[in-house]
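**Student:** pasting a predicted model and its sequence here:
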Amino acid sequence: MLYPIMTDSRMVFDLSGIWDFALGEEKLIDDFAEIKAYEPIAVPASYNDQKDINRFRNHYGWAYYRKIFTLPKILKNERIVLRFDAVTHTAVVYLNGKIAGEHKGGFLPFEIDITDKVVLGEEQELFVAVDNKINHSTLPIGNENSVAFFGSDNPGIPSVEAGKRYQSRRNIPNFDFFNFAGINRSVRIFTTPKSYIDDITVIPSVDGKNGIIDYSVDTVGSEEKIIVTVYDSQGELSAISNGKSGRIIIQNARLWNPYPDIPYLYKLKVQYGSDNYSLDVGIRTVEVSGDKLLINGKPFYFKGAGKHEDSYFCGRGLNLCLDVKDINLLKLMGANSFRTSHYPYAEEMYQLCDREGIVIIDETSAVGIGGGANPYKEYSMHAHHRDVIRDLINRDKNHPSVIMWSLGNEPELERFSQDAYDYWHSLYELAHSLDPQNRPVTVVCCQNDYTKDITTRTMDVICINRYYGWYNLSGDLDAACYALDIELDFWQKIGKPVIITEYGADAVAGIHSNVPKMFSEEYQAEYFLRINDCLDKRNFIIGEHPWNFADFDTFDGCMRVGGNKKGIFTRAREPKLLAHYLKKRWNSIPNFNYKNN
């Protein structure tokens, strides 16, 4: 899927701004006339924190957006497309009172051809119904008739059971972040000629000093001639080709390398009839060899953190200023990577990482697949999961910053080990079949009995979340390191690269103790000092991603005080003591060949 851009053949109309908004109930209304009053709401942004009212913050069910717009008559010979970058979680789109399209999945774009649905030169009414409910069919997973993640409703106590009858309907997450909802990313209308470029796929490789770009172009229309040109960063022509597919060779090519090296980008331009489109292309290779992951043939070491799209007021809404701030903080710390935990991020962040040289592990929204039941037999998310993988790879396949796909985070893998293997291995094969660059594929496993988990060890790269010294062996770092070493002995025998994709301890900013105590900044820093010492001794450990880059919002619960406090930074991006330790550490660790055998 091509990102909407302005060219001499394409126009883009941004519908961002203040929309009309109304909260609904659990069921979708049949007649919009039922809505008696609207309130102003900002788009793009989550709606939850835009009003300091409980019914906004903890809303359950449908919400309704309305926008009036007009398109000029000069577009009468153009194809006109309405694009939503993300609506969380289910959307029904109406144009002038008629359903124009529907979409399920809250973190990836969808498009609706409205060429024959819009009346040019007249006011048009765009109406979007948004459902925020999470359950066993959605990604992320919500519990049904159960208890909240990191919480307990004390079943069996008569007064508690009686009190439940008075509870309002609510989303019950099986994940540890807030269920921000609404039109979280941009809404745009873009145009193309009637004969147009539908998609572009690039596959970079290296042959000695030469760069190779294998490409294919999907088109719609009766035109035949396609011209593909590649320009260097100075705008000088590097190569030219003709046809819907082909191979371009760039002599003495400059490669895309992770920060602090130069993430060199070429500009690939496609001309098809009267339509043209351009995208940035980075020439780089990614492969797994033994217990190493190689970028451009060299063993890469991941330094960075898990992140969230999470900010004050905007919630999970698009926040370009914060994206720039976060990438600069990563660079200041000497980091080179992050994981899009636990859903695909806005595409603008990937574009920024392409430019800045920050490596991305690209994760689906499949978080929380587990619970008391066998999710692989009793939940109904499999078809949706496959759609999400397909859409994710289709959107992000050309980004040089994306070097690995993560199928999901912390699913149930040990209790129903064979069912889990069958489920995740089918998705593993699907991802490999869809990715033209054949990047490595993983699934991130939680703290579990790794000896019974037969799925994680079959991935291209083993990604594990471990909290020795926090959720278990709490406060005892000697015991935590001993336990971690025992587990690492197990993974060493598997013979694959391993990344610690989550590890950490909550620290409430401003809490200090001379003897490191849990929740103090000193304990958090000491935790990483000790755990990293274990990781440094193992050549097969190829990366460290502390959890989390910054404190983030969560559902209310008895284990969370104002959200999750495992951040290196506060939610306002103020550094904790840990940030200074990691800055010194990461700036001393090179990107490549950190652990040579």
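**Tutor:** Happy to help now that I have it.
**Student:** quick one: contacts for the most centrally placed residue in the chain?
**Tutor:** What sits nearest the mean C-alpha location of the chain, by Cα atoms, centre = their mean, is residue 344, with 2.3 Å. Going by Cβ atoms under 8 Å, 6 or more residues apart in numbering, residue 344 touches 107, 108, 362, 363, 364, 365, 392, 395, 396. (Glycine included, C-beta is placed from N, CA and C.)
**Student:** so what's the third one bridging to?
**Tutor:** In this case it means residue 362. Beta-bridge pairing of residue 362 under DSSP bridges involves residue 405.
**Student:** isn't it right up against residue 392?
**Tutor:** Yes - between residue 362 and residue 392 there is a contact at 6.6 Å, judged by Cβ atoms under 8 Å.
**Student:** have a look at those two and say which one is more surrounded.
**Tutor:** residue 392 (27 against 22; other Cβ atoms under 10 Å).
**Student:** that one and residue 360 touch, don't they?
**Tutor:** No - applying Cβ under 8 Å, one finds residue 392 not in contact with residue 360, separated by 11.7 Å.
**Student:** all helices for the stretch 51-200 of the chain, in order.
**Tutor:** Ranges of helices in the stretch 51-200 of the chain, per DSSP state H, counting those that start in this stretch, are 54-57, 158-164.
**Student:** and if you look at the chain?
**Tutor:** Per DSSP state H, the chain carries helices over the ranges 54-57, 158-164, 320-332, 347-356, 375-378, 382-396, 417-434, 477-494, 521-536, 577-586.
**Student:** mean pLDDT lowest for which of the ones you listed?
**Tutor:** Mean pLDDT is lowest for helix 158-164 out of the helices of the chain, coming in at a mean of 76.
**Student:** for that helix, C-alpha coordinates in PDB please.
**Tutor:** Taking C-alpha atoms only, helix 158-164 is exported to PDB below (Å, rounded to 0.1, in the frame of the first residue of the first chain):
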ATOM      1  CA  PRO A 158     -20.400 -12.800  48.400                       C
ATOM      2  CA  SER A 159     -20.300  -9.000  48.700                       C
ATOM      3  CA  VAL A 160     -17.900  -8.700  45.800                       C
ATOM      4  CA  GLU A 161     -20.000 -11.000  43.700                       C
ATOM      5  CA  ALA A 162     -23.100  -8.900  44.600                       C
ATOM      6  CA  GLY A 163     -21.200  -5.700  43.700                       C
ATOM      7  CA  LYS A 164     -20.400  -6.900  40.200                       C
END
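**Student:** which other helices and strands does it contact?
**Tutor:** Of the remaining helices and strands, none touches helix 158-164 by 3 or more Cβ pairs under 8 Å, 6 or more residues apart in numbering; DSSP states H and E.
**Student:** please state the offset of it from the chain centre?
**Tutor:** Helix 158-164 sits 39 Å away from the centroid of its parent chain (Cα atoms, centre = their mean, to the nearest Å).
**Student:** okay, now the nearest residue to residue 435 once chain neighbours are set aside: neighbour count?
**Tutor:** Spatial nearest neighbour of residue 435, excluding adjacent residues (Cβ to Cβ, 6 or more residues apart in numbering): residue 393 at 5.4 Å. Residues near residue 393, counting by other Cβ under 10 Å, number 22.
**Student:** next: residue 201.
**Tutor:** 15.
**Student:** still on that earlier bit, and the residue nearest to the residue nearest to the centre of the chain when sequence neighbours are not counted, backbone torsions?
**Tutor:** Excluding the flanking residues, the one nearest residue 344 by Cβ to Cβ, 6+ apart is residue 107, at 4.7 Å. Residue 107 adopts backbone torsions of phi -130, psi 10, taken as degrees, to the nearest 10.
**Student:** for stretch 95-104, buried residues please.
**Tutor:** Neighbour-count burial for stretch 95-104, counted by 16 or more other Cβ atoms under 10 Å, picks out 95, 100, 101, 103, 104.
**Student:** turn these into a markdown table, including pLDDT and distance to residue 521.
**Tutor:** Below are the buried residues of stretch 95-104 laid out as a markdown table (pLDDT from 0 to 100; distance: Cβ to Cβ, whole Å):
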| residue | pLDDT | distance to residue 521 |
| --- | --- | --- |
| 95 | 97 | 53 |
| 100 | 97 | 51 |
| 101 | 97 | 49 |
| 103 | 98 | 43 |
| 104 | 97 | 42 |
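**Student:** sitting in strands, which of these do you find?
**Tutor:** Taking DSSP state E as the definition of strands, the buried residues of stretch 95-104 contribute 95, 100, 101, 103, 104.
**Student:** how much space separates the third one from residue 128?
**Tutor:** Put plainly, it is residue 101. Going from residue 101 to residue 128 by Cβ to Cβ, to the nearest Å gives 10 Å.
**Student:** who touches both of these two?
**Tutor:** Taking Cβ under 8 Å, 6+ apart as the contact rule, residue 101 and residue 128 both touch residue 93.
**Student:** and residue 39, what does it touch?
**Tutor:** Residue 39 makes contacts with 20, 21, 22, 51, as judged by Cβ under 8 Å, 6+ apart.
**Student:** how about residue 121?
**Tutor:** By Cβ under 8 Å, 6+ apart, the contact set of residue 121 is 70, 71, 72, 73.
**Student:** try 6 Å this time
**Tutor:** With contacts taken as Cβ atoms under 6 Å, 6 or more residues apart in numbering, residue 121 has the following neighbours: residue 73.
**Student:** begin at 27 from here
**Tutor:** Taking 27 as the first residue, the last one we looked at is residue 147.
**Student:** for it, give me the pLDDT.
**Tutor:** With respect to pLDDT, residue 147 scores 96.
**Student:** nearest residue to residue 37 other than its sequence neighbours?
**Tutor:** That would be residue 217: by Cβ to Cβ, 6+ apart, it lies 4.7 Å from residue 37.
**Student:** how near is the one you found to residue 550?
**Tutor:** With Cβ to Cβ as the criterion, residue 217 and residue 550 are 51 Å apart.
**Student:** same deal with residue 151?
**Tutor:** Counting by Cβ to Cβ, the gap from residue 151 to residue 550 is 51 Å.
**Student:** the more surrounded of the two?
**Tutor:** For residue 151 and residue 550, the more surrounded residue by other Cβ under 10 Å is residue 550, and the numbers stand at 28 against 14.
**Student:** test my guess that that one contacts residue 604.
**Tutor:** Yes - counting by Cβ atoms under 6 Å, residue 604 is a contact partner of residue 550 at 5.0 Å.
**Student:** mutual contacts of these two, please.
**Tutor:** By Cβ under 6 Å, 6+ apart, no residue touches both residue 550 and residue 604.
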